[in-house]
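# fold the following and give me the result.
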Amino acid sequence: MEQTPQIPKEKFKMIHEDDNQEQEKIGTPSLTYLQDVRRRLLSNKVATVCMVLLSIIVLISVFAPIVAPHNPNEQKVEYANLPPKIGEANIPGFNGMQKRGGKVVNAYKEVGAPKGTTYLLGTDYLGRDLLSRIIYGTRLSLIVAILATLVDLIIGLPYGIISGWKGGRTDIVLQRIIEIISSIPNLIVVILMMIILKPGLASIVIAIALTDWVTMARLIRAQTFQLKEQEYILAARTLGESSTKIATKHLIPNLSSTIIIQTMFTIPNAIFFEAFLSFIGIGIPAPNASLGTLLSDGQKAFRFLPYQMWAPAIVLSIIMIATNLLGDGLRDAFDPQSSD
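I've put the predicted structure just below:
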């Protein structure tokens with residue numbers, strides 16, 4: 001029988017233990033799910049810029065009494081319709097010059113304003129500082145958005161979980177209720193609230209509370225249908241966990257991405273809804289300012305005083321665009337496959 005050839009010991013090389021451990025090291029640190037989400041979100045430059053812009057707007061709105069240069073409701077009729085002016089700088093459009101009677105004149109001197117009097121974005125038809133009214137108007141619009149978001153979470157989240165978890169007849173009944181609510185236009189609900197309540201923030205919030213939670217409930221229901229068939233949910237049910245504990249421990253944490261993303265899309269919808277109602281005159285009553293009332297007042301004199309409409313329109317556009325782009329960035333961060 002032929003003998004198997006032996007390999008000389010000289011052919012073998014001892015690997016040092018230190019070198020072996022170095023090869024076994026992980027090249028990059030392990031990240032949790034939320035850390036990975038933050039990394040992907042911050043790598044999205046558009047979403048990051050939008051997040052910074054929204055943070056600045058929110059901070060200015062929160063500290064409106066400190067930031068606003070004037071009382072937003074203080075009327076100085078003698079200073080009505082003054083153009084924007086930034087100090088003594090001669091910047092076109094922000095130098096206090098205005099066309100009157102076919103001539104370009106210094107509007108501040110024409111009304112006898114003391115030296116040093118400036119309004120960064122001009123004044124409205126009652127002499128109120130437009131910048132201060134925009135700051136307070138943005139604050140009021142954001143309050144509406146926050147309340148709408150809370151309503152989405154308080155009503156839509158448990159409604160969707162119950163509908164998806166129970167299924168069967170419970171799901172059928174709950175979905176028929178949603179279909180009935182969805183068939184009623186929001187404007188009709190608002191008008192009915194105006195009949196019962198006085199026009200204002202309360203009627204707008206109640207109208208949103210009655211209608212806008214439907215989308216959140218449907219999304220949560222669809223996700224709950226998928227999650228309740230997962231192995232960890234079945235294991236929890238086998239171990240005797242109650243439905244409430246399963247919802248709080250397993251469902252809601254796994255629904256967090258859907259909740260956050262839908263919340264980011266609820267905010268601009270609520271702001272636009274309030275602005276639309278105030279624009280057509282059934283929203284926030286005078287003298288309180290919102291972005292909608294400012295747009296409504298500005299469009300009346302847009303032909304001769306366009307700055308009164310451009311300023312609130314730009315702020316509203318920035319909020320709407322930034323919130324939607326940040327929502328897209330959050331969707332991609334929570335679900336990388338959605339960007340493929």
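
# now the element after the lowest-mean-pLDDT helix or strand in the chain, going C-ward?
Across the helices and strands of the chain, mean confidence by mean pLDDT, DSSP states H and E is lowest for helix 17-24: a mean of 55. Remark: after helix 17-24, the chain's next helix or strand is helix 33-43, criterion DSSP states H and E.

# buried set for that next one?
Neighbour counts over helix 33-43 (16 or more other C-beta atoms under 10 Å) mark 37, 40, 41 as buried. (Each C-beta comes from the backbone N, C-alpha and C, glycine too.)

# what do you get for stretch 142-155?
142, 143, 144, 145, 147, 148, 149, 151, 152, 155.

# and for stretch 185-201?
For stretch 185-201, a neighbour-count test (16+ other C-beta under 10 Å) marks 189, 190, 193, 194, 199, 201 as buried.

# just send those residues back as CSV, with distance to residue 132 too.
Converted to CSV, the buried residues of stretch 185-201 look like this (distance: C-beta to C-beta, whole Å):
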residue, distance to residue 132
189, 32
190, 28
193, 29
194, 28
199, 23
201, 19
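
# if we ignore the residues flanking it in sequence, what's nearest residue 76?
Among residues not flanking residue 76 along the chain, residue 127 sits closest, at 3.7 Å (C-beta to C-beta, 6 or more residues apart in numbering).

# end to end, how far does stretch 125-136 reach?
18 Å (C-alpha to C-alpha, to the nearest Å).

# how far does that stretch sit from the chain's center?
Centroid displacement of stretch 125-136 relative to its chain, using C-alpha atoms, centre = their mean, to the nearest Å, is 24 Å.

# so what touches it?
Residues outside stretch 125-136 that contact it (C-beta atoms under 8 Å, 6 or more residues apart in numbering) are 60-61, 64, 67-82, 119-124, 288-289, 291, 294, 297, 301, 307-308, 311-312, 315.

# which parts of it are buried?
Within stretch 125-136, the residues that count as buried by 16+ other C-beta under 10 Å are 126, 127, 128, 129, 130, 131, 132, 133, 134, 135, 136.

# ok, which stretches of this structure are strands?
Ranges of strands in the chain, per DSSP state E, are 97-100, 103-106.

# what lines up beside the last one in the sheet?
Read it as strand 103-106. Strand 103-106 has the following strand partners under DSSP bridges: strand 97-100 (antiparallel).

# go through the strand it pairs with and flag the buried ones.
Using 16+ other C-beta under 10 Å as the test for burial, strand 97-100 gives 97, 98.

# distance from the chain centre to that strand, please.
Strand 97-100 has its C-alpha centroid displaced from the chain centroid by 38 Å (C-alpha atoms, centre = their mean).

# need the contact list for the nearest residue to residue 46 once chain neighbours are set aside.
Distance criterion C-beta to C-beta, 6+ apart; nearest residue to residue 46, sequence neighbours excluded, is residue 325 at 5.6 Å. By C-beta under 8 Å, 6+ apart, residue 325 lies in contact with 46, 47, 50.
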